[in-house]
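# need coordinates for the following:
(chains A and B)
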Amino acid sequence: MRELMALYSGEVLRMRRYNIAAASVVVVVLWVAVLHFAGAGNIDLVFPLIMFADATLMSFLLIGVIMLFEKQEGATKSMLVLPISKAGYLGAKIAATITSSLLTLTLLLIYGYAFRDLSINVPGIYGAVILSAFAFCLVGLIITYRVRDFTQMLMSMFVFVLAFALPTLLEALHVLKGEWITRLQYLNPTKSALNVLMAPTGHVASKDVWISAIYLAVLGLVLGWVAWRRFDAYAAKEIGG
Amino acid sequence: MFEVTDLRYKYPTGKEDVIRGISFAFEQGEIFGFLGPSGAGKSTTQKLMTGILKGFRGKVRYQGKDLGGYGREIYRDIGVGFEVPVHFSKLTAMENLGFYGRLYPRRIDLEPLLKRVGLWEDRNKRVAEFSRGMKVRLNFVRAMLNDPKMLFLDEPTAGLDPQNARIIKDIVLEYRKAGGTVFLTTHAMHDADELCDRVAFIADGELREIDSPMNLKLRFGSRVLNVEYRDEELRRASFPLDGLADNQDFLGLLRTKEIVTIHSGETTLDDIFIKVTGVKLHA
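Predicted coordinates for the structure are as follows:
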């Protein structure tokens, strides 16, 4: 635990110094603007959609940025000769990424409750953000093992959005319809994330929420195992192998 | 301290071995130089010995135990100095060292070492503002941070001016005197000559020679004295070192001619390396 805390505090310090935290704050301001211009009505249904974008795509991107800064400066080499576990190294990055999403959520909740009469299950949305950010930052982490730079990272994210987020959006807009698409969407992590994030509003069937939550948790654990297993090959590549 | 036997390694993406059955050993308190041109296998061997690269064939034993039997705890005992800068550039030197230091159970008092390498005044500057030489010195401090028993150094003086290179070399020699062991990877033959108790020459993944610098020079050098003297024009003569005191030609030359230079015929590690491996170091 001491090791994890030391690594985590290092990640948070670097997020501040590399302006990653500042960029996150800018994104929060943008989300506040979206909420502000979302109309005079209740924002209960818009709020989870914003958190959906933050906890999924931003988590994917954020952990990639953290890893790429470290790679580009050669600091990964120095990390690899520390007496720390793989789990500690990866866990600290995941925890720092989730922290960023939780900070965004907290600031948006403050805005929502103070200015927009938001009414949402607060513990529920915190749980949903943690679960979604956990699964999606692991997707980002595994993809970062394979990319060389920010451009490749952004391209990977673009492909990911096309493959997973677009079907969810098209289904929500009723462009894609039918029983088969509903069933197929149970395997889509972005749909699962949307389900668990909408759950605190009470607008998703509880069966769907449970299936999505269990799917995201299992997916997160499987991806965590994959990230752990592939770390040695990534380390060998980074160290010059 | 370390025993390497018939070490072979092929990179996962490579077609053939880059390390081809090398064997060597060194003891505690020894500075062991590993010399060779770029791409010879020096850094790969170091990475295998530090457990960063896995999947080798042969044996690597550290303090009598197979390297595979150690977990990450081995990094409590060893310090690794990289040739290239490995720091977070937007953190200060102290923030970098503080972060790494918190992950070791044992660490040195940074102030004396930072003062000695000339970084104390700049400790609160961002590493991005450091010169290349300052980053190299910070790499060295990072390697010494955990008060290691065994130090792996990769080109520790590359990019340093002679004064700072001297400071680093003095610290390495003091470290050895205090019982520390050093595996020095370099293609700077002068450093190796000055620091190492023994050196190994590697080329194309194979070890070509292991011995002390002095023994190598004796074995590969000529036992002659080369004299340059002026006799209307500049002339050269060589005399065997054996029986020099009774060599009348040599003594006559000393008495009658204007001597310009006198050098013993011992060779340099550079020349020996070229002779042994057929590879030019700075080619």
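# the chain: helices as residue ranges?
Looking at chain A here, since you left the chain open. A:2-17, A:20-36, A:46-53, A:59-72, A:75-79, A:86-115, A:122-146, A:150-160, A:166-172, A:179-184, A:189-198, A:206-238 (DSSP state H).
# I was thinking of chain B, sorry if that wasn't clear
Counting by DSSP H, chain B has these helices, from start to end: B:42-49, B:74-77, B:93-101, B:110-116, B:132-144, B:162-177, B:189-195, B:213-220, B:248-256, B:269-277.
# can you list these in JSON lines and add mean pLDDT and distance to chain A?
All C-beta spots, glycine's among them, are computed from the backbone N, C-alpha and C. Below are the helices of chain B laid out as JSON lines (pLDDT from 0 to 100; distance: least, CB to the nearest CB, whole Å):
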{"stretch": "helix B:42-49", "mean pLDDT": "89", "distance to chain A": "6"}
{"stretch": "helix B:74-77", "mean pLDDT": "92", "distance to chain A": "4"}
{"stretch": "helix B:93-101", "mean pLDDT": "95", "distance to chain A": "4"}
{"stretch": "helix B:110-116", "mean pLDDT": "95", "distance to chain A": "16"}
{"stretch": "helix B:132-144", "mean pLDDT": "95", "distance to chain A": "7"}
{"stretch": "helix B:162-177", "mean pLDDT": "95", "distance to chain A": "18"}
{"stretch": "helix B:189-195", "mean pLDDT": "90", "distance to chain A": "22"}
{"stretch": "helix B:213-220", "mean pLDDT": "87", "distance to chain A": "28"}
{"stretch": "helix B:248-256", "mean pLDDT": "92", "distance to chain A": "53"}
{"stretch": "helix B:269-277", "mean pLDDT": "84", "distance to chain A": "22"}
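# mean neighbour count for those helices - can I get that in TSV?
Converted to TSV, the helices of chain B look like this (neighbours: other CB atoms under 10 Å in any protein chain shown):
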stretch	mean neighbour count
helix B:42-49	23
helix B:74-77	18
helix B:93-101	21
helix B:110-116	15
helix B:132-144	22
helix B:162-177	15
helix B:189-195	20
helix B:213-220	16
helix B:248-256	11
helix B:269-277	19
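# how close does the residue lying closest to B:Arg137 once chain neighbours are set aside sit to chain A?
Computed as CB to CB, 6 or more residues apart in numbering or on different chains, the closest residue to B:Arg137 that is not its neighbour in sequence is B:Val117, at 4.4 Å. Separation of B:Val117 from chain A (CB to the nearest CB, to the nearest Å): 17 Å.
# any idea how far B:Ala143 is from B:Val117?
Using CB to CB, to the nearest Å, one obtains 12 Å as the distance from B:Val117 to B:Ala143.
# could you do B:Phe82 as well?
From B:Phe82 across to B:Ala143, the span is 8 Å (CB to CB).
# spit out the contact partners of the closest residue to B:Gly41 other than its chain neighbours.
Excluding its sequence neighbours, the residue lying closest to B:Gly41 (CB to CB, 6+ apart) is B:Gly205, at 4.3 Å. Contact analysis of B:Gly205 by CB atoms under 8 Å, 6 or more residues apart in numbering or on different chains lists B:17-20, B:22, B:40-41.
# per-residue confidence at B:Gly205?
On the pLDDT scale, B:Gly205 is placed at 91.
# just the one 5 residues further on next, same as before
pLDDT for B:Ile210: 93.
# okay, and the beta partners of the residue nearest to it when sequence neighbours are not counted?
Nearest non-adjacent residue to B:Ile210, counting by CB to CB, 6+ apart: B:Ala200, 4.4 Å away. For B:Ala200, the beta-bridge partners are B:Phe34, B:Ile210 (DSSP bridges).
# who touches B:Ala200 in this structure?
B:24, B:32-35, B:207, B:209-210 are the contacts of B:Ala200 under CB under 8 Å, 6+ apart.
# how near is it to chain A?
With distances taken as CB to the nearest CB, B:Ala200 is found 20 Å from chain A.
# how close does that residue sit to B:Leu173?
Here B:Ala200 is placed at a distance of 20 Å from B:Leu173 (CB to CB).
# cool, B:Leu254 as well?
37 Å.
# can you check B:Phe26 too?
The spacing between B:Phe26 and B:Leu173, counted by CB to CB, is 16 Å.
# surely B:Asp17 meets B:Leu7?
No. Under the criterion of CB atoms under 8 Å, B:Asp17 is not in contact with B:Leu7, lying 9.8 Å apart.
# so between these two, which is more surrounded?
Just comparing B:Asp17 and B:Leu7: by other CB atoms under 10 Å in any protein chain shown the higher neighbour count belongs to B:Leu7, 24 against 17.
# and that one, what does it touch?
Contacts for B:Leu7 (CB under 8 Å, 6+ apart) come out as B:19, B:21-23, B:45, B:48, B:56-60.
# how about a cut-off of 6 Å?
Counting by CB atoms under 6 Å, 6 or more residues apart in numbering or on different chains, B:Leu7 touches B:19, B:22, B:56, B:58.
# near chain B, which residues of chain A show up?
A:6, A:10, A:17-18, A:73-75, A:77-78, A:80-84, A:236, A:239, A:241 (CB under 6 Å from any CB of the partner chain).
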